[in-house]
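*Asks:* sequence first, then the predicted structure:
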Amino acid sequence: MSEYPSSRPNVRVGILLTDQEVKVVFHGIYHQHGRMLTGEHTFSRAEGLFTASSEDCFFEVKDVVIGVGFHWERKENQCFSGDLELIEIDNKLQVVNILPVESYLKSVISSEMSATASIELLKAHAVISRSWLLAQIYPRKGAEKPASTVANDEEYIKWYDHDDHDLFDVCADDHCQRYQGITRQTTPKVDEAVDATMGLVLTDTDGSLCDARFSKCCGGVFEEFESCWEPTHYNYLIARRDNVDPLDFPNLRIEAEAQRWIDNSPEAFCNTTDPEILSQVLNNYDQETTDFYRWHVSYTQEELSELIKKRSGIDFGRIINLEPVERGTSGRLIKMRVRGTAKTLVIGKELEIRRILSTSHLYSSAFTVERHDVDAATGIPASFTLHGAGWGHGVGLCQIGAAVMGARGYSYTQILNHYYPGANLTPLYS
């Protein structure tokens, strides 16, 4: 573990990238190139580092976009502790926040979930958020990732990950972990959870930091890492049933089994409609999503063909079918064939499938397709209904399932053992 920090590290968080001016309000005194700044300022170019004069200082950034590309996308004015850096990326202005990892975690937990969640859930989330973050800052030595796009005449396969970022460690949105500064006020319970797990991380059997992924709702069975990102297998990110008997689940790679699973509502920790539990996990804008364990989306022929053309940049003509090619352990589609009158192409991985089938992002890629009023001569349906399961990629901790476990009295170590089987709880620093 010597390559990892023995003292509390800092993190660089990308807050906002824009080709517009950025308005910042400094609360307290910030130092920059020998000058002192306070109050409101407007910036149109990179100006380097602004250092807080004390721990009580914070700065406010106007019109930060959250939920980028998702159905809850909106703008907020957000406040941040720590230092501010303005840098240039591709002729745009990038706002970066630099602060201690433990302070960052207190905001992440309150941004990802409600700060009123159970203490055991908050402790579990503190550990996985810390583990995931430090795994990005201190990646495996010598690890080379394959190209994230495979494109030819027969298929277009793409996955999205944190390594899109070069000049900061992580971004502040769902692409990495939600971080909304001190705008999402923490509570004494969040402080307690972070402080009680100070420096604790999950490690693999070889001592490396775990890439501790998480999503809102697995849909009943966990997905494997390689189904969503690069073809790397992690023994702690594997298929399990999200209930008291984690080994009791069907082979959802088999199409008939996936159809039965998705079209029904089997028992699972995350199969809940309890408003008290959901309010622990879902912030106000997340609660606009009501059906997530099992959901339905319908499109007319015209809506779907136009949507796929717009989102993919490819004219498939009229859509004949969306055909499963490969499914993962949770039933999520890894590859899907879009069959149209003008073109046929296999699309993957899960986020790319979700992206082209919604104006934002489909809740998950675990879905079956029902075609309606199919023309006998052409095979072209008049409309489609997607019957889906889960919310997000389904890898690692299922936030709603973990909330149910916390409410039922499971400890944070039991929650972590359930979602990351075989991983070790390891202290890095105190």
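*Replies:* Sure thing, it's come through.
*Asks:* switch to C-alpha atoms for all contacts and neighbour counts from now on
*Replies:* Will do.
*Asks:* tell me, what's the model's pLDDT at the residue located most distally from the centre of the chain?
*Replies:* Centroid-distance maximum for the chain: Ala377 at 43.1 Å, with Cα atoms, centre = their mean. Ala377 carries a pLDDT value of 96.
*Asks:* do the same with Lys62
*Replies:* Lys62 is assigned a predicted lDDT (pLDDT) of 93.
*Asks:* hmm, who's touching the helix or strand hosting it?
*Replies:* Lys62 is part of strand 58-66, with elements assigned from DSSP states H and E. Outside strand 58-66, the residues that touch it by Cα atoms under 8 Å, 6 or more residues apart in numbering are 15-16, 22-28, 52, 72-82, 84, 173.
*Asks:* go ahead and flag the most central residue of this protein.
*Replies:* Centre-nearest of the chain using Cα atoms, centre = their mean is Asp174, 4.6 Å out.
*Asks:* name the helix or strand for that residue, please.
*Replies:* Judged by DSSP H and E, Asp174 forms part of no helix or strand.
*Asks:* same thing with Ala126?
*Replies:* With DSSP H and E as criterion, Ala126 is part of helix 119-137.
*Asks:* what's the mean pLDDT across that helix?
*Replies:* Mean predicted confidence for helix 119-137 is 93.
*Asks:* just the buried members of the contacts of strand 58-66?
*Replies:* 15-16, 22-28, 52, 78-82, 84, 173 (16 or more other Cα atoms under 10 Å).
*Asks:* tell me which of these fall in strands.
*Replies:* The strands, defined by DSSP state E, take in 15-16, 22-28, 52, 78-81, 84 from these.
*Asks:* taking those together, which two end up most distant?
*Replies:* Leu16 and Gly28 (21.6 Å; Cα to Cα).
*Asks:* output the below-cut-off pLDDT ranges for the protein.
*Replies:* 1-2, 67-73, 113, 115, 140-147, 162-164, 175, 183-186, 283-290 (pLDDT under 70).
*Asks:* please repeat the previous calculation with a cut-off of 50.
*Replies:* 142, 285, 287 (pLDDT under 50).
*Asks:* would you agree Val201 is in contact with His125?
*Replies:* No - applying Cα atoms under 8 Å, one finds Val201 not in contact with His125, separated by 10.6 Å.
*Asks:* list the pairing partners of the strand holding Lys62 within its sheet, with orientation.
*Replies:* Partner strands for strand 58-66, per DSSP bridges, with pairing direction: strand 22-32 (antiparallel), strand 74-81 (antiparallel).
*Asks:* dump that strand to PDB, restricted to CA.
*Replies:* Below are the C-alpha coordinates for strand 58-66, written out as PDB (Å, rounded to 0.1, in the frame of the first residue of the first chain):
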ATOM      1  CA  PHE A  58     -16.000  29.900   0.300                       C
ATOM      2  CA  PHE A  59     -16.900  30.900  -3.200                       C
ATOM      3  CA  GLU A  60     -20.200  30.800  -5.200                       C
ATOM      4  CA  VAL A  61     -20.400  29.900  -8.900                       C
ATOM      5  CA  LYS A  62     -23.400  31.000 -10.800                       C
ATOM      6  CA  ASP A  63     -25.400  28.800 -13.200                       C
ATOM      7  CA  VAL A  64     -23.600  25.400 -12.700                       C
ATOM      8  CA  VAL A  65     -25.200  22.800 -14.900                       C
ATOM      9  CA  ILE A  66     -26.100  19.600 -13.000                       C
END
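*Asks:* can you pull the buried residues of that strand?
*Replies:* Buried residues in strand 58-66 (16+ other Cα under 10 Å): 58-62, 64-66.
*Asks:* chain center to that strand, what's the gap?
*Replies:* Centre-to-centre, strand 58-66 and its host chain are 21 Å apart (Cα atoms, centre = their mean, to the nearest Å).
*Asks:* closest one to Ser360 among the strands paired with strand 58-66?
*Replies:* Closest among the strands paired with strand 58-66, using Cα to Cα: strand 74-81, at 12.2 Å.
*Asks:* which residues are in contact with the helix holding Ala126?
*Replies:* 11, 101, 105-106, 108-109, 162, 169-170, 177, 189-190, 193-194, 196-197, 199-202, 209-213, 402-403, 405-406, 410-413, 415-416.
*Asks:* make a PyMOL selection of the buried ones in these.
*Replies:* To isolate the buried members of the contacts of helix 119-137 in PyMOL, using 16+ other Cα under 10 Å:
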select buried, resi 11+101+105+106+108+109+169+170+177+189+190+193+194+197+199+200+201+202+209+210+211+212+213+402+403+405+406+411+412+415+416
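*Asks:* next helix or strand past the host helix or strand of Ile98?
*Replies:* Ile98 belongs to strand 92-100 when elements are defined using DSSP H and E. With elements assigned by DSSP H and E, the helix or strand that comes after strand 92-100 is helix 101-112.
*Asks:* what angle do that following helix and strand 92-100 make?
*Replies:* Interaxial angle of helix 101-112 relative to strand 92-100 (axes from the mean of the first three to the mean of the last three Cα atoms, to 10 degrees): 120 degrees.
*Asks:* quick check: Gln177 vs Ser7, distance?
*Replies:* Plainly put, Gln177 is 22 Å away from Ser7 if you go by Cα to Cα, to the nearest Å.
*Asks:* mind listing the strands for the stretch 201-350 of the chain?
*Replies:* Assigned by DSSP state E, counting those that start in this stretch, the strands in the stretch 201-350 of the chain fall at 214-215, 294-300, 319-327, 333-340, 344-348.
*Asks:* out of the ones you listed, flag the one nearest Ala239.
*Replies:* Across the strands of the stretch 201-350 of the chain (criterion: Cα to Cα), the nearest stretch is strand 319-327, sitting at 12.6 Å.
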